[in-house]
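Visitor: The sequence and its predicted three-dimensional model are supplied below.
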Amino acid sequence: MLHRRDAMIRLGQVGLGAMTLPGLLNVEQAQAAKRRQPVLHGTSGRAKSCVLIYLWGGPPQMDMWDPNPEAAEGIRSHFAPIQTVTPGISISEEMPLFAKYTDKTAIIRSVSHGSNAHEPSVYRTLTGGLNESLRVPRNHRNRNDSPNIGSVISAFSDSGGLPSAVTIPRPIGHEGVTYSGTYAGFLGARHDPMEIAPAGESKSGATHSMALPEELNHTRLLARRGLLNVIEEQDARLNADPAGQGYDEFREQAFSMLSSPAAKQAFDLGQETDATRDRYGRTEWGQSILMARRLIEAGVRLVTISWMYIQKSGNVANIWDNHGPFEGLTGYGMLKAKYGLPTLDRGFAALMDDLSNSGLLDETMVAMFGEFGRTPKINKNQGRDHWGACQSAVLAGGGISGGQVYGTTDRDSAYPTSKPVSPEDLLATIYHGMGIAPESEIYDAFGRPHRIVNGNPVTSLFSS
């Protein structure tokens, strides 16, 4: 069965008025008939969807979820630990709202891998694949890449009015490069996550399915009026076009997404009350978390929030990479800035509140992690540097048993001392929670089978 997202990807490539769209869809249908279907091995996981808050840059484990008050000066966090609602679990004082939800979360303190470089670490934590060759600027995504988590989930999902995976507010990238590991790779464009904006500083287009015709400046229009207005304008253009009458099934399939009420509503934050928007925080990151909740409610299976900061210059900053100094701030100042811990704490709490109150938390997993952690030693700029040997990750909802910490680290939060978890294990755990076993198979363009991830799920994190 054709995925509607393919039509929109091609629509973005050729423009709304292109008469070749039905042909492209027919070609896709023919190719799909030849393509081997993925092989699903199911699990007991009950999550229908997942919100992945991806903290690009590398969040510091000892300043967030694994405080180390016994560490020596120069290593010990500047933030004091505070107790949480769960006896025996302490976290950073800079996350007082998160502390109210530890009864619903599992904190994995022992995630570990061997790379201290952003590019291969992003690739590995989002795909479960190893590619140590990735370096700026040679890491632009391509169709030889392993597919990321959203694309794998798309391969095991039915098509619908909205895509199975969405990335907001934009994929990871800078200096003209969109990172490998951020789309479907060898699975092909039909399983690319929908992107409503391209990576910052990138000349490449986004894989968004709400593309504008070439004659319109979509970047300016999106910035000024929002995606909802774009969809409505496209709908009006189609209705006013007499050639739109009598479209065959492929035309109707392609254009129906532009006028989908579900799409309009999901992307319309204006339907939320001012009080709700304020609870999430009136920042790009807070509103992205709110948007993720709305997309999950509309039926999207996985929403990835790529956390970054676009400077006034237009340059991209992966601000969890808190080496310091940055815009006059030390590394610790970066953590306390609007784009750091305050917004994360606020947005996460609002999301947990809403999912809990609506009953959706039982079937929605929430995950938070980055590509690596930070060094035990505080640098001269009062920040920390890259550290693949240890990081913390957070899972909640979707069958996760709350009120637990998995794995231990030494007193410097530098190395796991028990129950190490690889990035592959972490992804396998999310897949398991969504009913997809790691031995499930997907196929590349040559028909070769690939296990979705070479990791083992941490099944003890789930309630029986």
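Guide: Cool, the structure landed.
Visitor: helix or strand for the most centrally placed residue in the chain, which one?
Guide: The centroid of the chain falls nearest to T304 when counting by Cα atoms, centre = their mean (1.9 Å). T304 belongs to strand 302-306 when elements are defined using DSSP states H and E.
Visitor: which element follows that strand toward the C-terminus?
Guide: Using DSSP H and E, the helix or strand that follows strand 302-306 towards the C-terminus is strand 309-310.
Visitor: I would like the residues contacting that following strand, please.
Guide: G200, E284, V316, A317, N318, I319, Y339 (Cβ atoms under 8 Å, 6 or more residues apart in numbering). C-beta: built from backbone N, CA, C; applies to glycine.
Visitor: Could you verify that S110 is part of a helix?
Guide: No - S110 is assigned strand when assessed by DSSP: H, G, I helix; E, B strand; the rest coil, not a helix.
Visitor: Do I have it right that it meets Y406?
Guide: Yes - counting by Cβ atoms under 8 Å, Y406 is a contact partner of S110 at 6.9 Å.
Visitor: Comparing the two, which residue is more hemmed in?
Guide: Comparing S110 with Y406 by neighbour count (other Cβ atoms under 10 Å), the higher total belongs to S110, at 25 against 20.
Visitor: give the contact list for the more buried one.
Guide: Per Cβ under 8 Å, 6+ apart, neighbours of S110: C390, Y406, G407, T408, T409, P416, T417, S418, K419, P420, V421.
Visitor: Can you tell me which of those is nearest F372?
Guide: C390 (8.5 Å; Cβ to Cβ).
Visitor: mind checking the backbone torsions on the closest residue to that closest one other than its chain neighbours?
Guide: Closest residue to C390 apart from its sequence neighbours, by Cβ to Cβ, 6 or more residues apart in numbering: G373 at 5.1 Å. In terms of degrees, to the nearest 10, the main-chain angles of G373 are phi -100, psi -160.
Visitor: Tell me the helices and strands packed up against the strand holding T304.
Guide: With contacts defined as 3 or more Cβ pairs under 8 Å, 6 or more residues apart in numbering; DSSP states H and E, the packing partners of strand 302-306 are strand 49-54, helix 149-155, strand 165-168, helix 284-298.
Visitor: Can you say which of these is nearest to H41?
Guide: Minimum separation from H41 across the helices and strands packed on strand 302-306 (Cβ to Cβ) falls at helix 149-155, 13.0 Å.
Visitor: Can you show me the CA trace of that closest one as CSV?
Guide: Output in CSV follows, covering the C-alpha atoms of helix 149-155 (Å, rounded to 0.1, in the frame of the first residue of the first chain):
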residue,chain,number,x,y,z
ILE,A,149,14.2,5.3,14.8
GLY,A,150,11.3,7.2,13.4
SER,A,151,11.8,5.7,10.0
VAL,A,152,12.0,2.2,11.4
ILE,A,153,8.7,2.7,13.2
SER,A,154,7.2,4.1,10.0
ALA,A,155,8.2,0.9,8.2
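Visitor: coming back round to it: show me the common contact partners of S110 and Y406, please.
Guide: Contacts common to S110 and Y406, judged by Cβ under 8 Å, 6+ apart, are K419, V421.
Visitor: the helices in the stretch 151-300 of the chain, which residues?
Guide: Taking DSSP state H, counting those that start in this stretch, the helices of the stretch 151-300 of the chain run over residues 218-225, 227-240, 249-256, 261-266, 274-280, 284-298.
Visitor: what about G74, how many residues close to it?
Guide: That count, for G74 with other Cβ under 10 Å as the rule, works out to 9.
Visitor: would you list every one of the strands in the stretch 351-464 of the chain?
Guide: 364-369, 373-374, 386-387, 391-396, 404-406, 408-409, 416-418, 441-443, 449-451 (DSSP state E, counting those that start in this stretch).
Visitor: With distance to T105 and mean pLDDT as new columns, can the ones you listed be given to me in a markdown table?
Guide: Output for those, formatted as a markdown table (distance: least, Cβ to Cβ, whole Å; pLDDT from 0 to 100):
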| stretch | distance to T105 | mean pLDDT |
| --- | --- | --- |
| strand 364-369 | 8 | 98 |
| strand 373-374 | 18 | 98 |
| strand 386-387 | 23 | 98 |
| strand 391-396 | 4 | 98 |
| strand 404-406 | 8 | 98 |
| strand 408-409 | 17 | 98 |
| strand 416-418 | 19 | 98 |
| strand 441-443 | 30 | 98 |
| strand 449-451 | 29 | 97 |
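Visitor: roughly how far apart are A437 and I108?
Guide: 20 Å (Cβ to Cβ, to the nearest Å).
Visitor: for G176, that is, sorry about that
Guide: 34 Å.
Visitor: Those two - which one has more neighbours?
Guide: I108 (27 against 13).
Visitor: Surely that one touches I400?
Guide: No - the pair I108 / I400 is not scored as a contact, 10.5 Å apart, by Cβ under 8 Å.
Visitor: For R384, list the residues it contacts.
Guide: P60, D63, N322, H323, G331, R374, T375, P376, K377, I378.
Visitor: Leaving aside the residues adjacent along the chain, what's closest to the first one?
Guide: Once its chain neighbours are removed from consideration, P60 has its nearest residue in R374; the separation is 3.8 Å (Cβ to Cβ, 6+ apart).
Visitor: Now Q311. Nearest residue, chain neighbours left out?
Guide: Spatial nearest neighbour of Q311, excluding adjacent residues (Cβ to Cβ, 6+ apart): A317 at 5.8 Å.
Visitor: What residues does that neighbour make contact with?
Guide: Applying Cβ under 8 Å, 6+ apart, we find A317 in contact with M308, Y309, I310, Q311, F326.
Visitor: go on, L126?
Guide: Y54, N148, I149, G181, T182.
Visitor: from those residues, which is closest to L335?
Guide: For the contacts of L126, the nearest to L335 is Y54 (17.0 Å; Cβ to Cβ).
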